[in-house]
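Asker: Kindly generate the corresponding structure for this input.
(2 chains)
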Amino acid sequence: MTKRNMIKLGLIYGITALLVACGPKPVKPLKMDPHYQVFDFKQLGILPILDARKDRKVNYEFDKKLKRSIIRLFGKQKAYKLKFEQGYGLHRAINPDDLSSPDPEWVRRLAPDGGARFQLLFVIEDLQSRLTFGSVGSAEVSSYLFDTKEGRLVWFHKGVGKAGQGGLIGMAMKGAMAGMALQGALWRLALAFPKQGEAPVH
Amino acid sequence: MYKTIPNTLVLLALGLLLSGCLVSKPVLVKDQRNAGHRPLALVVDRHRPVILVPVKADYINALNNEKVQWKNYQTEAVVAAINNTARQLLSRQGYQVSPVPDSTLTHLAQTLFRSRLKPGATQAIQATCATDPRAVVLAHYLLVKIAGKGTWNANTGALTPNANTTLLRAIVLDCQTHLPVWRNEVFFRKVPIVPAKSKEKNPGNIVNAVHLLYTNQTGGKQ
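Answerer: Numbers count the residues shown, from 1 in each chain, chains lettered A, B, ... in the order given. The predicted structure follows:
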């Protein structure tokens, strides 16, 4: 190999290493049950989104509008086979305060008949969109992964997303800000979710 | 024509700015779940003494749930303002309020809003009620989520909002049954501010929030 080729190869390696280093890294989730060393399950149930906002001024169809993002982030990027538990509403009766340490019996009843063993629940904690000199939006989304066979909370993390644009263009974009902030929050949330077959960051 | 166009533009820009200022005010929101189901104002038998336990306050980073400590938040002053305002308001409404200096319940305040009480909480209620089993216990929990200040990038025009929020919750528990008799909460999009020296002019948002918590008002702009 000539000296010139060596330099080219070195450059390619260097740039690749730089890109990998600068890319999104796995994030340590806020809560991870040490009992689960590898996320080796293939099917992931997605429960209807729980709206736990205190301020419900912003109207948003969460289940309809976030489905595509959930498929992209958790289905395509994380390689799980997603099963949307449409119209299943047992979890909606829950007090959001109970989610951090749920009753095992309640977790066991969370999956509908024939549903996936592992169920992922998204909880919308906050969503705002307002006009300033432009417009801004912010969103806070929590997510809980339950093992409905064992009755355990496996994983918990939350994501905060912010969006905004100044000027008249920003003012015209007010309607889109809530959605953009939600996308950002979901993206941050997904960073802490292990890929199918990988070990979570403990 | 040349005179009217700039004037129209200036008026338009001023109108947009003003509308922006008006809608960007934080809104106080009462617990939605209470609406239509339970009375908003505190309704407990006035013959029963109210044991007021000290307020538990958590200031957390919204991004990672870690505790935030910064002396400018004046946490102690905020907690004192909640305690004093609640005591004064309830006394004015005819309740016999007796504050306790310290209680294990304060540390468990966060868990009192769950569907089932933790075993430790039941014992703590019993200990707090030891002096008068006819009484009810009133506990407050303040949760402040800090999510950074708003920013503006002059080059791209990108804005990020100030996403700080405050949630003040109150719960009244029966000393005999240990069950919640009443609960309510107030949410607003600001860090709590302690009352200024001239309380009449500027009572501070946290005092307003306590007033809202114990009255029949349905919320509004602050």
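
Asker: The closest residue to chain A within chain B - how many residues pack around it?
Answerer: Taking C-beta to the nearest C-beta, chain A has its nearest neighbour within chain B at B:Leu159, 3.1 Å off. Yep, even glycine has a C-beta here, placed from its N, CA and C like the rest. When neighbours are counted by other C-beta atoms under 10 Å in any protein chain shown, B:Leu159 registers 23.

Asker: Grab the nearest non-local neighbour of it.
Answerer: Take B:Leu159 and drop its neighbours on the chain: the residue closest to it by C-beta to C-beta, 6 or more residues apart in numbering or on different chains is A:Gly164, 3.1 Å away.

Asker: what bridges to the one you found?
Answerer: Using DSSP bridges, the beta-bridge partners of A:Gly164 come out as A:Val136.

Asker: The residue nearest to the spatial centre of chain B: what secondary structure?
Answerer: Nearest to the geometric centre of chain B sits B:Leu168, at 2.5 Å (C-alpha atoms, centre = their mean). Using DSSP: H, G, I helix; E, B strand; the rest coil, the structure places B:Leu168 in strand.

Asker: how about the strands in chain A?
Answerer: Ranges of strands within chain A are A:31-32, A:43-46, A:50-51, A:81-84, A:118-132, A:134-147, A:152-166, based on DSSP state E.

Asker: which ones are touching residue 83?
Answerer: You didn't say which chain, so I picked chain A. A:Lys83 makes contact with A:43-46, A:115-116, according to C-beta atoms under 8 Å, 6 or more residues apart in numbering or on different chains.

Asker: you looked at the wrong chain, it should be chain B
Answerer: B:52, B:54-55, B:99, B:140.

Asker: In CSV: those residues, plus neighbour count and secondary structure.
Answerer: Formatted as CSV, these follow (neighbours: other C-beta atoms under 10 Å in any protein chain shown; DSSP: H, G, I helix; E, B strand; the rest coil):
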residue, neighbour count, secondary structure
B:Leu52, 20, strand
B:Pro54, 20, coil
B:Val55, 22, coil
B:Pro99, 15, strand
B:His140, 22, strand
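
Asker: Now the two most distant members of those residues.
Answerer: Longest distance between any two of those is 11.5 Å, between B:Pro99 and B:His140; criterion C-beta to C-beta.

Asker: looking at it, A:Gly137 is touching A:Ser129, isn't it?
Answerer: Yes. Shown here, A:Gly137 and A:Ser129 form a contact pair, counting by C-beta atoms under 8 Å, at 4.1 Å.

Asker: got any residues that touch both of those two?
Answerer: The contact lists of A:Gly137 and A:Ser129 share A:177-178, A:181, where a contact means C-beta under 8 Å, 6+ apart.

Asker: Reformat the residues you listed as a markdown table; add distance to chain B and neighbour count.
Answerer: Listed next are the shared contacts of A:Gly137 and A:Ser129 as a markdown table, based on distance: C-beta to the nearest C-beta, whole Å; neighbours: other C-beta atoms under 10 Å in any protein chain shown:
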| residue | distance to chain B | neighbour count |
| --- | --- | --- |
| A:Met177 | 9 | 28 |
| A:Ala178 | 11 | 24 |
| A:Ala181 | 8 | 29 |
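
Asker: The residue of chain B closest to chain A against B:Gly150, yeah?
Answerer: Yes. If you go by C-beta under 8 Å, B:Leu159 and B:Gly150 touch, sitting 6.8 Å apart.

Asker: Mutual contacts of the two, please.
Answerer: Jointly contacting B:Leu159 and B:Gly150 under the rule C-beta under 8 Å, 6+ apart are A:132, A:136, A:164.

Asker: Get me the contact residues on chain A for chain B.
Answerer: Contact residues (C-beta under 8 Å from any C-beta of the partner chain) of chain A with chain B: A:30, A:54-57, A:95, A:97-98, A:103, A:126, A:128, A:130-138, A:140, A:158, A:160, A:162-171.
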